[in-house]
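Colleague: The following comprises the amino acid sequence and a computationally predicted model.
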Number of protein chains: 2
Amino acid sequence: MDDAGVAVAEQGAQVVARVGAVLRVLGASAGAPVPTSRVAELAGLTRPTAHRLLAALAGEGLVDRDAAGGWVLGPEAYILGAVAAERYDVTALAADAVREIARATGECAFLSARRGDETVCLLREEGSFPLRSHVLYEGIRFPLGVASAGLAILAMLPDAEREAYLARADLVPAWGPAHAAEPLRARLAAARATGYVVNPGLIVEGSWGMAAAVFDAAGRPAWALSATGVESRFGPDRRGEIGRVLLEQAHAVTQRLRAR
Amino acid sequence: MDDAGVAVAEQGAQVVARVGAVLRVLGASAGAPVPTSRVAELAGLTRPTAHRLLAALAGEGLVDRDAAGGWVLGPEAYILGAVAAERYDVTALAADAVREIARATGECAFLSARRGDETVCLLREEGSFPLRSHVLYEGIRFPLGVASAGLAILAMLPDAEREAYLARADLVPAWGPAHAAEPLRARLAAARATGYVVNPGLIVEGSWGMAAAVFDAAGRPAWALSATGVESRFGPDRRGEIGRVLLEQAHAVTQRLRAR
DNA sequence: CCCGCATCGTCCACTTTGTGGACACCTTAG
DNA sequence: CTAAGGTGTCCACAAAGTGGACGATGCGGG
């Protein structure tokens, strides 16, 4: 998976696409410093190019280096984000829903947002149960259809949009045969039937997840609430209970968004 | 003031500098949509170039357009900022200080951060007094030395750094003769004597401001708390009282930062 | 209703700018 | 002391960005 990009760019500005890829790499590291060569690798660039872009971005304050020379997002990124938050922040409206899911289920709970063909994890709340999955953390990205949040959102998209995505995305090379179009379609259909989705350890063996979609004011699935934990905590009995909690909280957040 | 940039770039990546300028323009608009031609003007670019960059940035999700075609910062900017916030966010530590200043003085209170040769307003809290200054709002930028926050930070910089800035900055064309090096030095010296700075309506006639610097763990002035209002509320008597409140709160925030 | 006037989006020849293979350097590991 | 893996920099090459010019669009006034 050399270019984890959202596949856009087209004509006009190749550099901008590369800058976007670099920034996304740093964003997905959850604030941990990333060495130059790894940025290059993850962004699909040669090392000199990555280095030049990073140095230029550092001049703008969009990235910064820690003492060891690793790259992190910079103060300017924070400032821009603070302004953009007025328009896009949902964590304030969803924070207590995530907390309630963690409390009621004992598992780790998350809020993720759709971003193009990916989902991004925005909030994480630890559950009380001592065995916890650390597959998800703030900033990490998955393609739609991978991880329970992306499954929940994909399931609730209009049929045409969902099929268009399934046609252009090929998840098998990076995520294995369980993410081929057919088994995916089956999982999505099941999700539409119950309202919530179950990811039975498809990313990491034994790490299960469940999610329910949150809808924007236009009725489109734009976020998802999810819970993850070890397989033994997701037996048929508890699945119903966790699903109920997820749906309830997802509905509450959707209502709050509509009221805003 | 065609290029409000922080003056960096140098060799290596001209496009990155331009991207930075474009993003800064949108950040400084406080979330209000900016038309293409105005972005071009403020970023010092030709309109086709600005348009191409904006379109490419939109492809990355870093900018977005509202219904009327104006440009705003996009969802990706918010997401990156949320990750960067873990490292750079101070608003959580300073929010109650800003609130306390607004409460105790009745004026509008602000937190600003230093960003290179500029300050950026991060927090605004309305005061109770009905005549309020709207010169400052979240996202707006001023060069160091302009507006009370930038004066407070500049005053507390090490002598060599302050003089180097005064030597390279020329504030007179954009901000008038009151911002020439000499009167500025006098204001800064007065600020060092009292600990807080007074801006007697130098940006907008009749809009006064006062500020005190907040220091980072290394003892460098990196933020400022300020209050603004109409001239009549800044008589000699009240100046002492407002200055006291500002210093007290600035000290409290500095302590909290050190403890972090 | 029609005609300026102001914005906007797009095209394409020109050339500035970014590119990346190659090299030198530094630190750490064996 | 040498090998290995990381980093920063150079520069010939050409690909990519640039912006003047044009046509489309939308608004307001005559």
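Modeller: That came in fine, so what should we check first?
Colleague: make it CA atoms for all contacts and neighbour counts henceforth
Modeller: OK.
Colleague: Let me see the ranges of the helices in the stretch 151-260 of chain A.
Modeller: Across the stretch 151-260 of chain A, reading from the start of the chain, the helices by DSSP state H, counting those that start in this stretch fall at A:159-168, A:172-175, A:181-194, A:236-259.
Colleague: give me the low-pLDDT residue ranges for chain A?
Modeller: Chain A contains residues with pLDDT under 70 at A:1-12.
Colleague: elements contacting the helix or strand containing residue A:56?
Modeller: Residue A:56 is part of helix A:47-60 when elements are defined by DSSP states H and E. Using 3 or more C-alpha pairs under 8 Å, 6 or more residues apart in numbering or on different chains; DSSP states H and E as the contact test, the elements touching helix A:47-60 are helix A:14-28, helix A:36-43, strand A:63-65, helix B:14-28.
Colleague: With mean neighbour count and distance to DNA strand D as extra columns, can I get those in a markdown table?
Modeller: Supplementary listing: these in a markdown table, determined by neighbours: other C-alpha atoms under 10 Å in any protein chain shown; distance: least, C-alpha to the nearest atom of the strand, whole Å:
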| stretch | mean neighbour count | distance to DNA strand D |
| --- | --- | --- |
| helix A:14-28 | 22 | 3 |
| helix A:36-43 | 20 | 4 |
| strand A:63-65 | 21 | 9 |
| helix B:14-28 | 22 | 5 |
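Colleague: okay if I get the ones you listed as a markdown table plus distance to residue A:219?
Modeller: Conversion of the helices and strands packed on helix A:47-60 to a markdown table gives the following (distance: least, C-alpha to C-alpha, whole Å):
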| stretch | distance to residue A:219 |
| --- | --- |
| helix A:14-28 | 27 |
| helix A:36-43 | 33 |
| strand A:63-65 | 36 |
| helix B:14-28 | 28 |
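Colleague: picking up where we left off before, ok, and does the helix holding residue A:56 reach over to DNA strand C?
Modeller: Yes: contact check for helix A:47-60 against DNA strand C, using C-alpha under 7 Å from any atom of the strand: residues in range are A:48, A:49, A:52, A:53.
Colleague: Tell me how many other residues crowd the second one.
Modeller: One way to gauge burial is a neighbour count; for residue A:49, by other C-alpha atoms under 10 Å in any protein chain shown, it gives 15.
Colleague: nearest residue to it other than its sequence neighbours?
Modeller: For residue A:49, ignoring the flanking residues on the chain, the nearest one in space by C-alpha to C-alpha, 6 or more residues apart in numbering or on different chains is residue A:40 at 7.7 Å.
Colleague: who's in contact with the one you found?
Modeller: When contacts are counted by C-alpha atoms under 8 Å, 6 or more residues apart in numbering or on different chains, residue A:40 is found next to A:22, A:46, A:47, A:49, A:50, A:51.
Colleague: Mind doing that once more with 6 Å?
Modeller: Neighbour list for residue A:40: A:46, A:47, A:50 [criterion: C-alpha atoms under 6 Å, 6 or more residues apart in numbering or on different chains].
Colleague: Now do the closest residue to the last one other than its chain neighbours against residue B:62, distance only.
Modeller: Closest residue to residue A:50 apart from its sequence neighbours, by C-alpha to C-alpha, 6+ apart: residue A:40 at 5.2 Å. Distance, residue A:40 to residue B:62, using C-alpha to C-alpha, to the nearest Å: 20 Å.
Colleague: do residue A:254 as well
Modeller: Taking C-alpha to C-alpha as the criterion, residue A:254 is separated from residue B:62 by 25 Å.
Colleague: buried residues in stretch A:241-258?
Modeller: Buried residues in stretch A:241-258, counted by 16 or more other C-alpha atoms under 10 Å in any protein chain shown: A:242-247, A:249-254, A:257.
Colleague: Could you export those to a markdown table, including columns for distance to residue B:82?
Modeller: A markdown table is the format used below for the buried residues of stretch A:241-258 (distance: C-alpha to C-alpha, whole Å):
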| residue | distance to residue B:82 |
| --- | --- |
| A:242 | 28 |
| A:243 | 28 |
| A:244 | 29 |
| A:245 | 26 |
| A:246 | 24 |
| A:247 | 26 |
| A:249 | 23 |
| A:250 | 22 |
| A:251 | 24 |
| A:252 | 23 |
| A:253 | 20 |
| A:254 | 21 |
| A:257 | 19 |
